[in-house]
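After the sequence you'll find the predicted model.
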Amino acid sequence: MQPYRQIYLVNVGVNHTHKLRSPIFPDKRFEFIPIQEEYHLNECVQTAAQPITYDQLYCYNTPRKLLSLFPEELQSQYKHHIVHYDPNLNNINDSSLAAFTYGDIPYCNARAASLRHAQSGDLLFFLANLASFDDHKDQFNPGQRSFYLIGFIEIELVLEYSYQADRGLLRNPYSQEQESYDLLQFTRNAHVNRLLTLLHKYEKQRFTVFEGSNRSQRFQYAVQITKQICDICLRDKNGQPFDYSKFRSPDACIGAYTRSVRPHFTLNHQTDKTRFYIFLKYIAQLNSIPFPLDSLLASSYD
């Protein structure tokens with residue numbers, strides 16, 4: 001294992017290409033809307049796991065259903081659509097669905113290839129495209145969208161599914177004892193759920209599940225990713241500041257540079273530690289960080 005933490009940024013949830021939007025309220029509280037799956041309920045098979053539809057998801061901040069935030073036409077359209085419920089950020093209203101996990105296909109999708117190297121102790125920070133929501137009118141404000149940080153997972157366990165491995169098991173690739181876990185322990189994760197309900201389609205697709213520690217956190221308040229914080233803290237894959245000249249807006253630039261999952265801070269470098277410290281202090285203006293900043297900045301996985 002690497003003796004230092006890596007800090008990844010993961011762009012998740014619905015965006016400009018989707019009809020549904022993730023709302024952010026005037027006080028910076030928010031709701032997260034996952035993307036939909038590319039298959040239908042009638043394709044699923046009867047198993048110990050059941051596909052999750054948009055109609056089953058509830059808000060984090062209130063007991064109302066997520067779809068109730070949208071016009072009736074969209075509610076009817078998406079009610080029975082299967083949702084790719086990922087990441088799981090401990091939504092208190094989702095009962096048995098609540099957990100801290102994230103799944104991806106780093107061996108199949110170049111966008112997520114860097115996650116092949118993510119290990120226990122690394123952090124996955126999630127950013128999402130959020131749209132302004134008017135509490136009084138109970139509707140979205142047109143044209144007001146931006147990228148926000150919504151939480152993070154401190155990886156505690158890395159598990160991989162491979163068709164070549166024993167069926168029905170997830171394996172810890174870093175375990176010398178070849179630890180394995182039953183898929184049924186992780187049915188709330190979108191990739192496990194998809195495999196179990198559509199084995200005939202996804203049996204051969206390799207994927208990875210990252211389970212978060214109890215220090216993982218869904219932020220109470222969304223933290224906007226501004227051009228200023230990008231200039232100070234974030235860098236492209238070559239270690240250079242973002243180049244906004246190629247894009248129509250700062251948000252378009254941020255979306256392009258964060259489309260692929262990759263580590264933006266590697267904590268064996270002092271410059272990365274300094275930028276990450278500023279990044280954390282910026283988040284801490286709105287949210288409590290659940291463990292000391294010094295321990296996050298430590299080079300080792302203490």
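Structure received.

pretty sure Asp86 is touching Ala190, no?
Yes - at 3.7 Å, Asp86 counts as touching Ala190 under the criterion of C-beta atoms under 8 Å. In this view, the C-beta of every residue, glycine as well, is placed from N, C-alpha and C.

any residues in contact with both of those two?
Here Asp86 and Ala190 share the contacting residues 34, 103, scored by C-beta atoms under 8 Å, 6 or more residues apart in numbering.

what's stretch 248-256 in contact with?
Contacts to stretch 248-256, defined as C-beta under 8 Å, 6+ apart, come from residues 11, 15, 129, 145-147, 225-227, 230, 242-244, 246-247.

actually stretch 58-76, not the one I typed
19-20, 23, 25, 29, 31-33, 54-55, 57, 78-79, 91-94, 133, 138, 218.

For that stretch, give the mean pLDDT please.
Taken as a whole, stretch 58-76 has a mean pLDDT of 94.

Same check on stretch 20-32?
On average, stretch 20-32 scores 96.

buried ones in that stretch?
With burial defined by 16 or more other C-beta atoms under 10 Å, the residues of stretch 20-32 counted as buried are 20-25, 28-32.

Would you report which members of the contacts of stretch 248-256 are assigned to strands?
11, 129, 145-147 (DSSP state E).

burial measure for the residue nearest to Ala110 when sequence neighbours are not counted, as a count.
Once flanking residues are discounted, Ala110 sits nearest to Ser260: 7.5 Å by C-beta to C-beta, 6 or more residues apart in numbering. By other C-beta atoms under 10 Å, 16 other residues sit near Ser260.

Next one, pLDDT for Ser260 please.
In this model, Ser260 is scored at 95, pLDDT.

what sits against it?
With contacts defined as C-beta under 8 Å, 6+ apart, Ser260 is in contact with 110-114.

Would you map the helices across the stretch 1-150 of the chain?
72-78 (DSSP state H, counting those that start in this stretch).

Repeat that for the stretch 201-302 of the chain.
Listed in chain order, the helices of the stretch 201-302 of the chain (DSSP H, counting those that start in this stretch) span 227-233, 250-257, 270-283, 293-297.

Just say which of those helices is most tucked in.
Highest mean neighbour count of the helices of the stretch 201-302 of the chain: helix 250-257, a mean of 18 (counted as mean count of other C-beta atoms under 10 Å).

re the thing from before, can you turn the buried part of the contacts of Ser260 into a ChimeraX selection?
The ChimeraX command for the buried members of those (criterion: 16+ other C-beta under 10 Å) is given here:
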select :112,113,114
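
Closest to Gln46 out of the contacts of Ser260?
Minimum distance to Gln46 across the contacts of Ser260 is 30.3 Å, recorded for Ala112 (C-beta to C-beta).
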